Each structure stands twice: as structure tokens, then as C-alpha cells.
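Trainee: Next input, structure requested:
(chains A, B, C and D)
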Number of protein chains: 4
Amino acid sequence: MVDDLLPALVELRRDIHAHPELGYKEHRTAALIAAQLRAIGCEVHEGIGGTGVVGVLRHGTSPRTIGLRADMDALPIEEEGAVAWRSTAPGAFHGCGHDGHVAMLLGAAQHLARTRRFDGTIHFIFQPAEEGLGGARAMVEDGLFTRFPCDRVFALHNWPDLPMGTIATRPGPIMGAADKFEIVLTGRGGHAAIPQDTPDAILAAAQLATQLNTIVARRIAPTASAVLSITRINGGHTHNVLPASVTLGGTVRTFDPAVQDTIEDALRAAAAGVAMANDVSFEVRYDRYYPATINHANAAAEALAAAATVGDACVAPEPAFTSEDFSFMLQACPGAYVWLGQARVDAPGVPLHHPHYDFNDAVLPIGIRLHVALAERHLAIG
Amino acid sequence: MVDDLLPALVELRRDIHAHPELGYKEHRTAALIAAQLRAIGCEVHEGIGGTGVVGVLRHGTSPRTIGLRADMDALPIEEEGAVAWRSTAPGAFHGCGHDGHVAMLLGAAQHLARTRRFDGTIHFIFQPAEEGLGGARAMVEDGLFTRFPCDRVFALHNWPDLPMGTIATRPGPIMGAADKFEIVLTGRGGHAAIPQDTPDAILAAAQLATQLNTIVARRIAPTASAVLSITRINGGHTHNVLPASVTLGGTVRTFDPAVQDTIEDALRAAAAGVAMANDVSFEVRYDRYYPATINHANAAAEALAAAATVGDACVAPEPAFTSEDFSFMLQACPGAYVWLGQARVDAPGVPLHHPHYDFNDAVLPIGIRLHVALAERHLAIG
Amino acid sequence: MVDDLLPALVELRRDIHAHPELGYKEHRTAALIAAQLRAIGCEVHEGIGGTGVVGVLRHGTSPRTIGLRADMDALPIEEEGAVAWRSTAPGAFHGCGHDGHVAMLLGAAQHLARTRRFDGTIHFIFQPAEEGLGGARAMVEDGLFTRFPCDRVFALHNWPDLPMGTIATRPGPIMGAADKFEIVLTGRGGHAAIPQDTPDAILAAAQLATQLNTIVARRIAPTASAVLSITRINGGHTHNVLPASVTLGGTVRTFDPAVQDTIEDALRAAAAGVAMANDVSFEVRYDRYYPATINHANAAAEALAAAATVGDACVAPEPAFTSEDFSFMLQACPGAYVWLGQARVDAPGVPLHHPHYDFNDAVLPIGIRLHVALAERHLAIG
Amino acid sequence: MVDDLLPALVELRRDIHAHPELGYKEHRTAALIAAQLRAIGCEVHEGIGGTGVVGVLRHGTSPRTIGLRADMDALPIEEEGAVAWRSTAPGAFHGCGHDGHVAMLLGAAQHLARTRRFDGTIHFIFQPAEEGLGGARAMVEDGLFTRFPCDRVFALHNWPDLPMGTIATRPGPIMGAADKFEIVLTGRGGHAAIPQDTPDAILAAAQLATQLNTIVARRIAPTASAVLSITRINGGHTHNVLPASVTLGGTVRTFDPAVQDTIEDALRAAAAGVAMANDVSFEVRYDRYYPATINHANAAAEALAAAATVGDACVAPEPAFTSEDFSFMLQACPGAYVWLGQARVDAPGVPLHHPHYDFNDAVLPIGIRLHVALAERHLAIG
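Mentor: Numbers count the residues shown, from 1 in each chain, chains lettered A, B, ... in the order given. You can find the predicted model right below:
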């Protein structure tokens, strides 16, 4: 069905891999996408939310619309694998498979453009800067869904933990909110033998670390899921000087904004209280990165139904605690985020963001067919 | 020298022992004292600071003055010993030897009144309510030292930890300040399986107990002496209900008012901070009982010199953490507090406040001679 | 369909309510049940696992079998409500609705016995001692499922949190494992001013309480559900004596035996480690009460299908942390536990175990029909 | 009396300052000392405990002996002051005034050798490596006091905290024991969102830091002096990876070996216990550096008596928590360590070990006279 398209798409995927571009700098990639979309007859809009591109493909008379999204940016890390199409850009690397996401969505566009077995409008959405820079939010704020209204929006992500052929999603949370925090507790520092002259920032940090490690156990419902992990604690470097300050840092992972609020509030209160108890000053930096990615129940069901026509569809039993900025699109439009297994039968998948990661090209036809199925089912003729 | 006085004094001591009176209710004891003082020619003033009595004995022309103090009250506990002169008053007992203190000071008054080997004025001060009720403060506030000015004031206390014949004191702190505290941390209580609905008062109490136990180590000079002990922690009584509140109680012992302040402040800040960190409310009750008893250096030296003429005088290497309301007199007048060993050679002393305690009558002549020596040396003739 | 049976059943339910019997003492209730089962033609077996009764009803030739279970025992608490059928037995009270469970299952037996629209064997299981005494385990250990083999076993429990007419269950865990623990930390006790002579049991308890409150956060998967709540901490009662020991007690609630094991192990290690760090001795009592009640997926689906024919069937989104000894039957036989809403539209339900609780008789026909549906569907003719 | 000696001694002191030598490398300094001792008629022994030198001066017939000790080594730090006699050796600096100590003791030797107002034997002891390398212990272990028996041994140390002219010492502890510790707690490390897979080394470190900060408060007598300060805590450096290990380091300062033992034992037990409670492994390194310097009471009294003849003698009210390896000599021989005020009236002293520190040459005659007085009084003629 889409086999004839694959050789060129594999070549394209590897070409993008060899020329990775960091968030909001996807100029070559976006231009390449725009050219291909134009070539198949899409109406093309560029520069949305930075370097974002939207291709519009209409057919028939139905007012129904669907959005299909891929992300374009690379990671700011060095590739260490030895593939022939290895990154030629120092400090940039398609270590999350966005090169494959682009290829799959372009392949679906090519197939849909030539077969036209749908009635309605398809928006092919290519977003910039998914990796930590909020390109999805930028596009939404730039009017994505008002300019290109969608009944539904879907995104696929390759998933090294699942075998190739398995397609999984779930209603409700599928990806987490990953917040970062840093707390600095500051006394004055002083001689280790004169404790009475120096509020003890290390003692304060110890009490605070303990306190923070009780929040998940005591402040949120046992049936809710959350993590608060302190991942670094640093202060002092000699054996006879009390340090002026100690820094604690870590991450908070949640699926529910109310739980996220509870934890941030409790963390701030803990820092303030422990600082008061220990006579030190404190500074809290709490960065909310991406919100949880929460699939709409109906859209998830539709995705599973579509998936069942192209592979082994399954309900993911648990969400993942990593985060994804497609969450911003799902706050603005009903839709679902879908995991596309890419592990080879004989080998476990190299994890995302690993310096040896590479997108599995054998997954391209599965992803293409899933995009096509989502579009053809939502915009079913007659 | 004073031996002829002893039979009557022993009888008197045992009579007082058999008729103990609690703080501010020492009517019989005070009347008995006043009568004896009058009998030997003292000018007697009664009703000072409640039931306090002052006997004034003047001789010669010197303006020098000295105060010698004894305490009169009994303890509100039941005697369990089997002495023939056992307490006849239920719930009252001379378990701290104030009966002996009275007898020694009356003996000294008798001796001094008949020998008159001094030049100046002696004030025999019999105070009420030493045991927790601040009779010394009451007398000071009632004008004790303005009405009966003293260059020096001394008090003796029998000391079961020292052998009979040993007399000890020290410059600076000799008895501690013993404060009491109680902290109540209050959440809301609730079902053990729904922690998110209930600030956890037990967790807060645990964090607070830990915090409080660091204060002595971190907030006061290592060379300063202090204790903060939490002696009770209570909250909850079932296995499936989170208690609404937990109570912590304990004691703080210090020798230096600045250290006392530091600890109280740190305790209050700890309670406030830990409460904030745990979202519970808190209440702190901090009761300062008696201040530290701090001997004036010169007066302590004089006491040691006088002691050396009647027994084995020694500098106490360390103060005791128990407290004594003679501290109030030493805040108003230079002086010293002196320990009078009362342990028999062949037996360790029964401790003060123990239900089997009894004053050792064999100590009477030593105490009398020490009072006399203090007076005769301070008011030395010519 | 079953309406003609109701007047007698309501009377029966109230009669049982008025004559509650505690666990393993359900002699009157069991006799009454046995008589009714015999009256309708069941083969009756008594004295199973103590006072348990099984009624066997066979029809047709199919080897298929089903078990339907009700519990018979009352709670050891005093009824405080004012119903006409109030408990006449001091200290015993049907505060969990087992009276209604018995009536519903007898009603179903009556209906099934006269209609006989099934092909196979039905075991009506009336168990003793559900409230904390493990009557279900006693029956299983007494050979329940070897003597009366069941393809499936189902139990209904009235549910005051759900509106009458709603029937809910879920695959996997539906009721929790509720463990109890008590930890005693023992130093020596001693004077508050001499901390160096006394390992501090209160400090140890504080450190342990903190440590325990981190277990759920750090030792189990964020997506797993568990509670560890310390509900009591008690030691010491004066302000100047360090107590010899402090006791911590509380509960652990889990749905997964592996999580339960992890928590018990971590609790024991925490107690041992904190005791070592604080030089105190320790004793841990950890009582596993009932295991989690874990529905078999197929049986839960069958129960939901049956429920849909008699009321509003719904998948319970979350299990309850309270526990139930039907868990032992589900360890021995596939089956499911089902919640039967009993809240009136105009009033929230009085919770189970509340002294004013009463079974809602209007639920009787729903429960009867559900039992009947479960049996008729599993033993469907032809 | 000694004024004529001063110009050459000042020159010598500055020459040594300009040519500092680190511990056990004091070859030039030792040679210079040996030459001067020989020049005045001492019997000279070199190479004792490394580079140590002992000069023996005998007079009369008394068997009495005294040792007077100076230390010779420089600090391994860079001088930052601008004195004309600034260090010419990179990375070495007489920042503790040992140059002055050598000059004072040589001056005393010169004076005593020419005046000979004593009856007995004087040992002038010049030790290597006082700064952290235990030169005093090396000399003692090399037979110092068996080869050169001393009734008494004294050492002087310039003291910037006291005004010039003040000489202070005290019976009992005068300098502390300064121990160092390092504790490494090791889990496994892992992803911050998967806490259940990784014992949490940061939580363990927090609990341990809290526990350690209670030791001084709870395990030693309130009247004993000690410090345990944690001065560094380090683990982790990202926001999403739990570190494999955390390191705590710090210092313990004590005056009493029994207290030192108690603290080390409690620290080790705390590490072991907290590690067990948190399922991490642990490693403790506890380095005892120098023991407390404990003056013998009689020797301290003799030093004060001698000091009173050359300056303002006073009993130091408190010991210092810094440490000194003269402690090893005092473990082998009765003696005392004495502080020699060197602060100018108009300026506070630059502290010891400060890069701008310099010995105050105006103190030379005071130190010489004190050495002389100690010798002449202990070896008084007939």
C-alpha cells in the first residue's frame, strides 16, 4: 500500500538525521518539509510558532477536520553511534527519533494526497522545539488551532520499550509533568568548632531533605501517582569550615495538575518552615516544564481502534513519567498521543536520548499506516 | 563549742520533720522560729513574703551586715521511711532537709547570740516556699534587702552526694535554671488510609523532636553547659485513626541566662518552622521556673575560707542541674550557696526528694559552725 | 419477579439484625439459614470452618458450578441507632449489613430453587466471622472448595458510598490488605538532666517515624498504591524523666502482596537500623490481617455483565483500602467481589461500622436479582 | 637582662622566616639550631624523630631535669604579607610563628648557658613537623624521654588572641583533639522517576546528618565540651538522576579521650544504623589527628608562678579547640603548654595560619624570660 514510498522516505529520514537542527533552528528541515508538502498539493503555511509548518489537505465537502503532528528538532547532545548517516552537526543529534516522526508524517501525507479516501480536511502539523523549549505551546499561542481548527489532533512517538508492531495508548494521562526544583539554604558559614556562631545550613538541608521525602507519602492520595526525587545535595568542601549554603535540587513528576500544585505548595512550605526552624534563609526555584499529557478518552479509543487495523493495539497499563510538549496541544484540542513500538524482536531497544539511539526505519510503514488510518477513519467518506 | 545546744536542736529538727508544712503554709514552723529568735534576744520580723521570718542580731558598731538563710517548707509528697519522727501530715514531708536547715540556722543564732564574737549585724532569714513556689523571690519583692540590707548573703544545703564533713561551693553557677516546656502540634485527625486529608501531627512531632535535639549541639558554645531533653511525646491511641494532635514535653537546664534565652528562642523557632513545614498549628508553653543560682566569686571564696575552718572545703568542679530559688536572693545581693556533705561513710546518701530521705542530724554541728564562721569572719571584730 | 419473597425477607433481615451474633458464634443465624435452605430443597452442610453453612442446589446435567457467598457475623460494637429492630444483644450489632447479605442470598436461593432456570450446581456459602477473624479462611482450610468445587465464586457487599441501584466492581484489586504494626523502642530511662546515661528512646522514635514516612515515597513504584500511616506515638509522662521506651503503632494498606512485602521489609529494616543508630533495643510486631481482595479479570467482567441486567453497572475506578476476608476465597477460586450501592437518593449513606448504620432493605431485590443473574448466566441452560 | 641578645635573635628569627621548611624537612633550621647550641656549650643530639634536635645543658649536681620545647616546621601555604623577610620558599610559610618559638628557646639557652643560675639538667628540645605530621610523637617514639629524662616539659605558643605581655595557661585540657571523619553512603543510583529501584543515598545522608547532629546533645555529659560539625555533604549533580553515593565529612573536637571515644562510637553506630534503615552501604573513615593537650595540674601551677615573674599571668578560662602535637609529649612526661600573648595594644592580632600572619618580635624577650624562669625555678639552686 505504501511500500513504494519507503525507499525515498528512508533516504529522507537519514538525510534529516545527518543534518540535525536544534529547537527553533529547524530551518533546513522545515524548508524540506514545506517543499515536499507543496509537491503533493498541500496548501503550506510556514513560520508558525517559530519554524513550524502546517500543510493543509482538503477533500470532499465534510466540515470534519483532523490534525496529525510530528516534531522536527534534535537534541543538544553528541551522537556516539556509528551509523552511516551519523550527525554531521557537532552538538546536535536526532536522539529521540523526530527524524522518523517527520518521515512518517510526510509519508502519510503523500499517501493521503494520492489516494484521497477521505472527506474533510487534514492538517499536517510539523512543530519545532519539542525538547524542552515548548514548540507546541509556541504554535498554539501563534493561533494553530484557530487558524487550522481540528476536531481531533494525534501525535505518534516511537517507543523503544515496546516491540515493533505494538501500538499503545490509554485514556487519561499518558506522559507526565516533569518539574525541576532547586532550593538554596543559606546560613553564614564559619569555623566548624564554633557552631553557635553559624546557622547550620547542612543540618537545615538534612531536615529539609527528610521533610521533602515525606510529601508523596503524606500529602497526596495513595491512589494518585507522583514522584518527588531529590537528586543532588551539595555544600561544603573542607573538614573545618561550615559552608555558607547548601543546595538541594531534584525533580517532581506528576500526571494530575492538582497533585502537581499540592506538591509544589508543600515543597515551598517545607523550605520556608525548615529554614525558619534552622534560622537560615532560603530560595526556591520551581520550574514547571511541560504539563502532563492527558489523552481525551474518546480520542484514545479512536486511536486504539485505528491502531488495531495496522498492528497490535493495546491499552498502556501505566503512563510514563517522562514529559512531552504535545500536552499543550491536548490542552487546546481533543486528541491522543500514541506510542509506536520500535524494538526489534532480537534486541531490546536502545532508550530514547541515549547517545547510541537511532530511529528504526522498519517502523516507517507502520507509522504511515497509522496516520492514514486515523485520518481515514475520522474523515470517513459517507 | 556548740555541743550543748545539740540535744534540743535534734529534738527541734525532728519535731519540725513530724509536722511538715507546705509552701506559704509554714505557720507553725515560722511561729516556732520566731519564738526561739525572740528568746535569744533577736529583733524579729514576721510575715515577710508570706510566712517569712527575719531575726536581727546586732553587736558592736560596725556597719557591716550579713544574711544567713534557711528554707522552711516541706515537699508535697508522702514519706515512706520508718523514722520515729515520721511525718504526721498526709501529703507533706521534709524530703529535702529544710527541717535540718532551720535547726542549723537556729543553732547558729543561739551560739552567736550568746558568744557575740562579731561586730555588725546578722540577719537570720527564714524563707517560705522554696519548693517550686519562689518564696525567696516573694521575700525579695517584699523588700527583704532594702529593709535588712546585707553585704553578703549565704545559704547552706545538705548534700547527699558528698560525704559528711565535706563542704563544697564554687564561683559562678552552682545550681541550674530548670525550665519546662510543652508543645502541642495540631492537624485535624482523620482516617489512616486517607493521609492526604490530614496534616500529619505525628510526622510533625517527629521532625520537631529531631530538630529540638540538635539545639544544644548547634546553637550554644561547646564550652557552655546545657540540656534540652524531650521527656514525653504522646498522640494517638488506635491503629487506624490519625490523631488530631501530638504533645511534646520536656525540660531545659542551663547555667547562663544568655544560653537559656538562646535555647528558648531556638525552641520556639523550631516549633513554628516545623509546624509551617507540616501544615499543622502549634502552641508552645515555655515556663521559666527558677533562674540559675550564680555565686559571686568573692563570696564563694569567703565561703570556702570559712568552710576550711570547720571541715574539708573543696571547690565543686561542676554545678548541679537542679534548681534553687536562692538564685533570686543572689540576683539582689552578693553571696554564695554552699553544699554541706551529709552522706555517712558506710552508706551512700539517699537522694533528695526520695521518699526515704531524712536529714542527717550528725551534720547539725557542722552546719552551725559554718554559719557561725561565715558571720564571725565577715563581721570580724577590729 | 422476586417481589413476593420480599416481605418475609425483610422480616428475616430485621430478625437477624435484632439478634446479632459475633464471629464463630453465629449459631442461631446458621440454624435459621440451614432450616430455610432445607425448606427449599437444598442439600445442607453445616459446621464448615466453625459455624459455616453450605447449601447445594443442583439442576440439570452440566458439570458447571458456581459459589455465592454471604457473611453472617455481627460487629462487637454497640448499636446507637433507634430502629425498631435494634440489636437485643449487648455489645453486638449488625453494623456492616451482613444481616442484609444473608437475606439477599437466601432470597436468591428461594428464587432459584423455584424457578430452576439453570443447568449445573449452585453452592450457597454462608461464612462465619468475616470481621477480623478470618471465617473465609477457616472455611477454605476446612475444605470448602474441594468439597464443593466452584468454577466461580462471587460475593456482594452493600456500599453506602454508592447510590442504590449502582453496582460496581473492577478487575484486579478491589479491597486492600490492612496490616497493623507496633514498634517498641527501649532505652533505659533516666534523669532528663543526665542524657549521657540514657539512650534516648524519644529521639529514636522521632527518627524512626520520619524514616517510616518516607517508605511509600521512596520504596514502591509511584504508580503503585499504598499507605503507611503511623497513628500513635507514646512515651513518657513527666517533664524530668526520660522514658524507658516509646511505642509507635499504625497501619499499612496495600493492594499488591509484593508491595506489602516491600513495605514490611523496609519497616523492619528501618526499626533495626534506627535502633542501632540510637543504641536502643527494638521490637516489631507486624500483623498481616487479610490479604488484598483481588478480583479475577474474567469473573469481574462476568459480574459487570450480570450487573448490567439488574442495575447501573460500572467499573470502580479505584479499589477501597479497607479489607475483606473474601480475599481468601479468591486465592482459592476464581471470582469477584461486587459493591452494591445502598445510598438513598436524598441522603448520603451512613458509613459501614458507624453506630447508626443500618442495611437498606430497599436493596434486597437488587441483590437477589444480581445473585440470580450471576448463577443463571454462569449456569446458562443449553 | 637578655636585651643584648635580642638584635641577633631578631635577625635569626627573620632568617628562619625567610627560609621556611616543611615538616621533617627542617634540615637548614635544625643545622642552624645545632650550631648555635654547640656554640654555647650544649651537648647536641640531632636526628631524633626525624630532624629533631636536643641540646643538653648541665650545671651543678642536682638530679633534677627540665625539658623546654620549640617546634621548627613551617606551614604548606603561601605567604601573602609584605614583610621584608618574606618567605623565599614557594608553598612554605612560617604562618604559625614557629620561627619565633625557635628564636625564643635559643635565646633562653644562650642566657642560661652564660648565667648558669640553676642546679640540674636542661633539655632544649627542637621538634620537627608539628603541623599535622606528629613530630612530637616521632621524637617520643624515638626515645626522647628515655634518653633525656625530664621531670617537667614545657612549651610556649604565641597567641594572637591575647595582648602582648599576657601569659595564660590552665590545669587540664588547654588544646583540643581535632578528629576528621568522612562517611560515604552508597546506593546504586538510577532514574529519578523510578525511586523504587534505587536505595536513596541522599535520604540516607539526610537522616544521618540529623542523627550525627544530636550526638553532642544526647550522648555526652552537658558539662563536657565537644563539637561534632558536618562541614560538607555532596552527592548528585543533575536534576533527573539519583546519585549512587553521597559523602559527608566533618570534624570532631574534644578535650577528653573518653568523650572522643563516645563520639566516634556513636558516629560509627549512626552510620551503620542509618545505612541499614535505608538499604545503602556505608564506609566510615575516622582519623584521629592529635589527642587533646592536657596540662598536668602542678606543672600548670608552676608555669603560672613563673609567668607571674615576667608578665600578666592568668588562668585561661577555657581551652581552645584547635590541636597541638605537644599533647604527645604531655602523655609521656608531666608538663604544661603555655600561651604567650602577642597582640599589639593598638591592633588585634592577625590569626594563626592566616596568610598575613607574622610573629611579633617584641614578644621575644618575654618568651625568653619565661623559659628562663621555668628552668631557674624548677632547678633552683639549693
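
Trainee: Beta-bridge partners for the spatially closest residue to A:Trp339 that is not a sequence neighbour, please?
Mentor: Spatially, and ignoring its direct neighbours in sequence, A:Trp339 is nearest to A:Trp159 (3.8 Å; C-beta to C-beta, 6 or more residues apart in numbering or on different chains). C-beta here means a position set from N, CA and C on the backbone, and glycine is covered the same way. Taking DSSP bridges as the rule, A:Trp159 bridges to A:Gly341.

Trainee: Now for A:Trp159, how many residues are close by?
Mentor: 23 (other C-beta atoms under 10 Å in any protein chain shown).

Trainee: thinking A:Ser87 is in contact with A:Glu79, fair?
Mentor: Yes. If you go by C-beta atoms under 8 Å, A:Ser87 and A:Glu79 touch, sitting 4.4 Å apart.

Trainee: Which of these two has more residues huddled nearby?
Mentor: A:Glu79 (26 against 22).

Trainee: Now that one: phi and psi?
Mentor: phi -70, psi 140 (degrees, to the nearest 10).

Trainee: from what I can see it touches A:Thr88, true?
Mentor: No. A:Glu79 is beyond contact range of A:Thr88, at 9.7 Å (criterion: C-beta under 8 Å).

Trainee: hang on, the earlier thing: list the contacts for the residue nearest to A:Trp339?
Mentor: Applying C-beta atoms under 8 Å, 6 or more residues apart in numbering or on different chains, we find A:Trp159 in contact with A:168, A:339-342, A:349.

Trainee: what do you get if the cut-off is 7 Å, keeping everything else the same?
Mentor: A:339-342 (C-beta atoms under 7 Å, 6 or more residues apart in numbering or on different chains).

Trainee: Tabulate these (TSV), appending distance to D:Gly187 and pLDDT.
Mentor: Compiled in TSV, the contacts of A:Trp159 are given as follows (distance: C-beta to C-beta, whole Å; pLDDT from 0 to 100):
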residue	distance to D:Gly187	pLDDT
A:Trp339	30	98
A:Leu340	34	97
A:Gly341	32	95
A:Gln342	32	94
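
Trainee: Work out the gap between stretch A:112-129 and the centre of the chain.
Mentor: Its chain's C-alpha centre and that of stretch A:112-129 lie 22 Å apart, by C-alpha atoms, centre = their mean, to the nearest Å.

Trainee: taking the mean pLDDT, what do you get for that stretch?
Mentor: Averaged over stretch A:112-129, pLDDT sits at 97.

Trainee: got it, and stretch A:312-322?
Mentor: Here stretch A:312-322 scores 89 as its mean pLDDT.

Trainee: Now that A:Gly135 has come up, it's in contact with A:Leu22, right?
Mentor: No. Using C-beta atoms under 7 Å, A:Gly135 is not in contact with A:Leu22; the gap is 11.0 Å.

Trainee: So the two - more neighbours on which side?
Mentor: A:Gly135 (27 against 18).

Trainee: Please name the residues that touch the more buried one.
Mentor: For A:Gly135, the contacting residues are A:23, A:49-50, A:52, A:71, A:73, A:127-129, A:325, by C-beta under 7 Å, 6+ apart.

Trainee: Format the residues you listed as JSON lines; extra columns: secondary structure.
Mentor: Listed next are the contacts of A:Gly135 as JSON lines, based on DSSP: H, G, I helix; E, B strand; the rest coil:
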{"residue": "A:Gly23", "secondary structure": "coil"}
{"residue": "A:Gly49", "secondary structure": "coil"}
{"residue": "A:Gly50", "secondary structure": "coil"}
{"residue": "A:Gly52", "secondary structure": "strand"}
{"residue": "A:Asp71", "secondary structure": "strand"}
{"residue": "A:Asp73", "secondary structure": "coil"}
{"residue": "A:Gln127", "secondary structure": "strand"}
{"residue": "A:Pro128", "secondary structure": "coil"}
{"residue": "A:Ala129", "secondary structure": "coil"}
{"residue": "A:Asp325", "secondary structure": "coil"}
